[in-house]
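A.B. asks: this is a predicted model, with the sequence first.
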Amino acid sequence: MKKTDELVGVADGVAAVPLGPSVHRIRPWPLGAALALTGAATALLLLTGTQWLSHPAVQAWRTVSLAITVQALPFLLLGTALSGAINAFVPADLFTRVLPKRPALAVPVAGAAGAILPGCECASVPVASSLIRRGVTPAAAFAFLLSAPAINPVVLTATAVAFPGSPAMVAARLLASLATAAVMGWLWLWLGREEWLRPLLRHRHTGHRHSHSRWTEFRLGFQHDFLHAGGFLVLGAMAAATFNVTVPGSVLDTFSGSPWLSVLFLAGLAVLLAVCSEADAFVAASLTGFSPTARLAFLVVGPMVDLKLIALQAGTFGRAFAWRFSTATTVVAVAASVLIGGALL
């Protein structure tokens, strides 16, 4: 993440692992890609006219895309605002003070603590990195990394709105995400190796850089998270609408008609779409041809493993870690979704 050096607040004169360019050089490519697509569509309209806009497929695509974006935007705004406030005003050593000293106990506690950090999954990677540098055991930091974007109040509220009258879906998402985070933390304690990680500085600091006011840090954090996640939201809504309109019903029937294929298909789709966790419930709700368990897999896998997260983890922790961790997380998340979804949905 490009705001990391500002929000982590590494003391001057102390070397830290570079996690990206300075916050002042924010280049939110997802938003730029969305704007480029909009510009291309406008140019196409000027060149070809507007008659094809009345086609039913085009109208359906526009309706689905706008509906997903409009429904999810308030939750994205709220989540990024709360995430920026926590990054700017909450003491950075809070978790080191409250986590149990025993790593096996710290893992589930850190996973449950993810509920207090609203924000997109992109923010969880630099937060986990900073926790490790402050002395938190990596297993607990990784459990927090996985749970924070999946079980925070904004995401669960958005899930309840996207699936009205279905509290079981909210409960299933909470339990499956917590189970996945805890299992992955314990797996790291059992099988993880330090050499898979890039050297991370374990230096305790306050999390606040003295050259900036906390309100400036809040503004910069909110600006980065909203532009970054907002671009992914628009692209994800477009992709979901395209998927709904263009994929033939026979293809969907092939996957949706099989309990196992539908789960694996939507899990893979979550990895490819890379929708922000505060908006993915609305995308999942639009996939009405699939079973509740398959849609649960979409909701559990997406905030933990997608293309942008794999790239971000590789840049932060190293490629050796990212591929192993992402692969294992996908397997555990799918298994947890099937078990818990089968019991509750």
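C.D. replies: Perfect, thanks for sending it. All figures in this text were calculated on a predicted structure; none of them were measured in a lab. Residues are numbered from 1 along each chain as shown.

A.B. asks: ok, the closest residue to residue 60 other than its chain neighbours - contacts?
C.D. replies: Take residue 60 and drop its neighbours on the chain: the residue closest to it by Cβ to Cβ, 6 or more residues apart in numbering is residue 245, 5.4 Å away. C-betas here are computed from N, CA, C, even on glycine. Residue 245 makes contacts with 57, 60, 61, 64, as judged by Cβ atoms under 8 Å, 6 or more residues apart in numbering.

A.B. asks: and residue 245, what pLDDT?
C.D. replies: In this prediction, residue 245 carries a pLDDT score of 76.

A.B. asks: residue 9 now?
C.D. replies: 39.

A.B. asks: ok, now residue 89?
C.D. replies: For residue 89, pLDDT reads 76.

A.B. asks: that one: neighbour count?
C.D. replies: 13 (other Cβ atoms under 10 Å).

A.B. asks: in this structure it contacts residue 214, no?
C.D. replies: Yes - contact criterion Cβ atoms under 8 Å: residue 89 and residue 214 qualify, at 5.7 Å.

A.B. asks: about what we covered before: next step: the contacts of residue 245 restricted to helices.
C.D. replies: The members of those that map onto helices under DSSP state H are 57, 60, 61, 64.

A.B. asks: need the residues that contact stretch 182-196.
C.D. replies: Outside stretch 182-196, the residues that touch it by Cβ under 8 Å, 6+ apart are 103-104, 107-108, 110-111, 137-140, 142-143, 146, 317-318, 320-321, 324-325, 328-329, 332, 336.

A.B. asks: buried only: go through these for me.
C.D. replies: 103, 107-108, 110-111, 137-140, 142-143, 146, 317-318, 321, 325, 328-329, 332, 336 (16 or more other Cβ atoms under 10 Å).

A.B. asks: pLDDT weak spots in the stretch 151-300 of the chain?
C.D. replies: 198-212, 225, 228-233, 236, 240, 243-244, 247, 249, 252 (pLDDT under 70).

A.B. asks: ok, now with 90
C.D. replies: Scanning the stretch 151-300 of the chain with the threshold set as pLDDT under 90 gives 152-154, 165-166, 191-261, 269-280, 282-283, 286-289.

A.B. asks: and the strands in the stretch 201-345 of the chain?
C.D. replies: Using DSSP state E, counting those that start in this stretch, the stretch 201-345 of the chain contains no strands.

A.B. asks: hey, where'd the helices end up in the stretch 51-200 of the chain?
C.D. replies: 56-89, 94-98, 103-113, 121-133, 138-151, 153-162, 167-191 (DSSP state H, counting those that start in this stretch).

A.B. asks: of these, which approaches residue 341 most closely?
C.D. replies: Nearest to residue 341, of all the helices of the stretch 51-200 of the chain, is helix 167-191, at 5.6 Å by Cβ to Cβ.

A.B. asks: and that closest one with helix 153-162, angle?
C.D. replies: 140 degrees (axes from the mean of the first three to the mean of the last three Cα atoms, to 10 degrees).

A.B. asks: so residue 116 makes contact with residue 152?
C.D. replies: Yes - with contact defined as Cβ under 8 Å, residue 116 reaches residue 152; the gap is 7.3 Å.

A.B. asks: neighbour count winner among these two?
C.D. replies: Legend: neighbour count by other Cβ under 10 Å for residue 116 and residue 152, higher for residue 152 (24 against 15).

A.B. asks: how far away is that one from residue 178?
C.D. replies: Remark: distance between residue 152 and residue 178 (Cβ to Cβ, to the nearest Å) = 12 Å.

A.B. asks: and residue 128, by the same measure?
C.D. replies: Residue 128 is 16 Å from residue 178, by Cβ to Cβ.

A.B. asks: do the same with residue 305
C.D. replies: From residue 305 to residue 178 the distance is 16 Å (Cβ to Cβ).

A.B. asks: compare these two (neighbour count), which wins?
C.D. replies: More crowded of residue 305 and residue 178, by other Cβ under 10 Å: residue 305, with 27 against 22.

A.B. asks: list phi and psi for the more buried one.
C.D. replies: Note on residue 305: its backbone torsions stand at phi -140, psi 120 [degrees, to the nearest 10].

A.B. asks: in contact with it, which residues?
C.D. replies: 270, 271, 326, 329, 330, 333.
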